[in-house]
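Participant: predicted coordinates and the sequence they were generated for:
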Amino acid sequence: REVNCRRAASAAFQECVGRQGADNFKHGISILTAADYFSLGNRTNSFTSVAYHVAQFSEYQKPIFQHLYKVKLYHWDINIRILTSKALNCLTVYDPFFMSQTIVPYLLSRCTDKTLFVRHGALWGLAEIVLAFGTIHNDSNKN
């Protein structure tokens, strides 16, 4: 379904990077290399690997986080909600403070929403973020 949207967005980004240059689109070539036509064809790869690669650049982190926790977690398709929560798990390592201070309180407030899929997405998001916190904590104890 949305594969065409992802691919069209990548093509538009490629066009902008090519025409306006890397000064206007920071890390454009690196992003285009990761977000190519074939890598965006797989939804799981798009939500995890490609999003993880793009979010390593600070200019793109907050917009990606915000789109995931304010829009995609409440998608009508259950598979999108679950994939979004897994993406949040992967991305937590980039900014655990933002996750704990902004996203977790927001998701907690959504857990009592009247709409079932909103509650479901919020719970999945919280679960995956908390799981990521545990992984980060365990990794820091090993070092």
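Facilitator: Good, I have the coordinates. Residues are numbered from 1 along each chain as shown.

Participant: only the buried residues of stretch 111-124, if you could.
Facilitator: When burial is assessed from 16 or more other CB atoms under 10 Å, stretch 111-124 yields the following buried residues: 118, 120, 121, 122, 123, 124. Where C-beta positions appear, they are placed from N, C-alpha and C, glycine not excepted.

Participant: tally of neighbours for the spatially closest residue to the first one that is not a sequence neighbour?
Facilitator: Taking CB to CB, 6 or more residues apart in numbering, and ignoring the residues beside it in sequence, residue 118 has residue 74 as its nearest neighbour in space, at 5.0 Å. The tally of other residues near residue 74 (other CB atoms under 10 Å) stands at 20.

Participant: reduced to three states, what does residue 119 come out as?
Facilitator: When the structure is reduced to helix, strand and coil (DSSP: H, G, I helix; E, B strand; the rest coil), residue 119 reads as helix.

Participant: do the same with the one 5 residues further on
Facilitator: When states are read from three-state DSSP, the local structure at residue 124 comes out as helix.

Participant: sorry, back to before: who touches the residue nearest to residue 118 in this structure?
Facilitator: The contact partners of residue 74, taken as CB atoms under 8 Å, 6 or more residues apart in numbering, are 81, 110, 115, 117, 118, 121, 122.

Participant: per-residue pLDDT of the second one, please?
Facilitator: Confidence per residue is given as pLDDT, and for residue 110 that number is 96.

Participant: check contacts around it.
Facilitator: Residues touching residue 110, when contacts are defined by CB under 8 Å, 6+ apart, comprise 74, 118, 119, 121, 122.

Participant: circling back to that earlier point, dump the contacts of residue 74 to CSV, plus distance to residue 38.
Facilitator: Formatted as CSV, the contacts of residue 74 follow (distance: CB to CB, whole Å):
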residue, distance to residue 38
81, 25
110, 35
115, 36
117, 31
118, 33
121, 28
122, 33
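
Participant: thinking again about what came up before, of the buried residues of stretch 111-124, which is the nearest to residue 97?
Facilitator: Set against residue 97, the nearest of those by CB to CB is residue 122 (20.0 Å).

Participant: quick check, pLDDT for that closest one.
Facilitator: At residue 122, the predicted lDDT confidence score is 98.

Participant: ok, the nearest residue to it once chain neighbours are set aside to residue 77 distance?
Facilitator: Counting by CB to CB, 6+ apart, residue 122 lies nearest to residue 110, which is 3.8 Å off, once chain neighbours are set aside. Going from residue 110 to residue 77 by CB to CB, to the nearest Å gives 18 Å.
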